[in-house]
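Undergrad: Build me a model:
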Amino acid sequence: MNNIEENLLETISGSDIRTGAYNIRENGKGVERKITDNVNIVSKEDGTGINIYVKENTKFEIVHIPVIITQSGLKDVVYNDFYIGKNANVIIIAGCGIHNDEHNDTQHDGIHRFFLEEGAKVKYYEKHYGEGSGDGKRILNPVTEVELKEGASLEMESIQIKGVDSTIRETRGKVYKNANLVVTEKILTAGNQTATSIFDVELNDKGASAKVTSRSVATEQSKQEFKSKVVGNSECFGHVECDAIIKDNARVISTPEIVANNVDANLIHEAAIGKIAGDQLIKLMTLGLTEKEAEEKIIEGFLK
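TA: Predicted coordinates for the structure are as follows:
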């Protein structure tokens, strides 16, 4: 790989990507792969993606499955399915980086499905990033589907760093008895960028729970939209929180929907959208920062 490709990999996945099991996809094709005794990665027969199998009782292994695109004009679609065995406990690091120096639009649609058996635990991290000097758009449309069996848990952190011109981000979940889904999303948009986040979660059994937290910053003329739907079909708990900072001529729309189909369903939605508080700016400016530097520091802390 050249320097651009290696830098993309490190930006979205860190420097230790080639430890443990991993699969690297570049410009629509798998280019590197490693499996372990407990983690197997198999290409789908139709060539549309990979299946990742984690054996039951596997503890604390890390799996990397990054995607990088440097070919302008490419539209890449991949379907990855994760089968996590009973009582396994693993970390999965995904994400996509696009480098586009030309005039054609480049797009990646990643559809990830997670099937967690009883008591399985997964921490899932994904970063999305765009760069390049061309005026071709960098488009990322991630889809995450989750099915959590009894006592399973999935913690997901999804971060859009910068440079993504358009994104539609969908997360769908089915959560069963005593299972837990936690999703944290962080998004930064600027220029004329657009971002839409869609969450649709069903809490289908006693003790099922979900917590969704979205933190976003929209600047310049960018637009963000947050849509969430949580359905409680049993004695369960669901909490959705949307916090956004808005600057310049940007727009942020938050649309909540909570549906209680059971008298013991406890569902909460909170939303807060506003500009950076003046007292925060003043406090930092008294320490010698310019107004712009103070804004940048506040935004950085907000998205941590």
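Undergrad: Can you mark which positions in the helix-or-strand element of the chain with minimal mean pLDDT are buried?
TA: Among the helices and strands of the chain, helix 278-285 carries the lowest confidence by mean pLDDT, DSSP states H and E, at a mean of 80. In terms of neighbour count (16 or more other Cβ atoms under 10 Å), helix 278-285 has its buried residues at 281, 284. Glycine gets a C-beta too; all of them are placed from N, C-alpha and C.
Undergrad: what does that helix contact?
TA: Contacting residues not belonging to helix 278-285 are listed as 291, 293, 294, 295, 297, 298 [Cβ atoms under 8 Å, 6 or more residues apart in numbering].
Undergrad: part of a strand, is the third one?
TA: No. Per DSSP: H, G, I helix; E, B strand; the rest coil, residue 294 lies outside any strand segment and is helix.
Undergrad: Distance check, the closest residue to it other than its chain neighbours against residue 302.
TA: Once flanking residues are discounted, residue 294 sits nearest to residue 284: 3.8 Å by Cβ to Cβ, 6 or more residues apart in numbering. Separation of residue 284 from residue 302 (Cβ to Cβ, to the nearest Å): 13 Å.
Undergrad: so where does residue 10 fall, helix or strand?
TA: helix 3-13 (DSSP states H and E).
Undergrad: Oh, that last question was meant for residue 51, not what I typed.
TA: Using DSSP H and E, residue 51 sits within strand 49-54.
Undergrad: Could you tell me how far that strand lies from the centre of the chain?
TA: 19 Å (Cα atoms, centre = their mean, to the nearest Å).
Undergrad: just checking, what packs against that strand?
TA: Counting contacts by 3 or more Cβ pairs under 8 Å, 6 or more residues apart in numbering; DSSP states H and E, strand 49-54 is packed against strand 21-26, strand 39-43, strand 59-64, strand 75-84.
Undergrad: Sheet partners, orientation included, of it?
TA: Using DSSP bridges, the strands paired with strand 49-54 in its sheet are strand 39-43 (antiparallel), strand 75-84 (parallel).
Undergrad: Could you look over these and pick the most buried one?
TA: strand 75-84 (a mean of 19; mean count of other Cβ atoms under 10 Å).
Undergrad: Show the subsequent helix or strand relative to that one.
TA: strand 89-99.
Undergrad: what comes up buried for that following strand?
TA: Quick answer for strand 89-99 (16+ other Cβ under 10 Å): 89, 90, 91, 92, 93, 94, 95, 96, 97, 98, 99.
Undergrad: Within its sheet, name the partner strands of that strand and how each one runs.
TA: Paired strands of strand 89-99, with direction, are strand 59-64 (parallel), strand 67-69 (parallel), strand 121-131 (parallel) (DSSP bridges).
Undergrad: ranking those by burial, who's on top?
TA: Comparing the strands paired with strand 89-99 by mean count of other Cβ under 10 Å gives strand 67-69 as most buried, with a mean of 27.
Undergrad: How far off centre is it?
TA: With Cα atoms, centre = their mean, you get 16 Å for strand 67-69.
Undergrad: any residues touching that strand, and which ones?
TA: Contacts for strand 67-69 (Cβ under 8 Å, 6+ apart): 5, 8-9, 12, 24-28, 76, 78, 94-100, 106, 108, 110.
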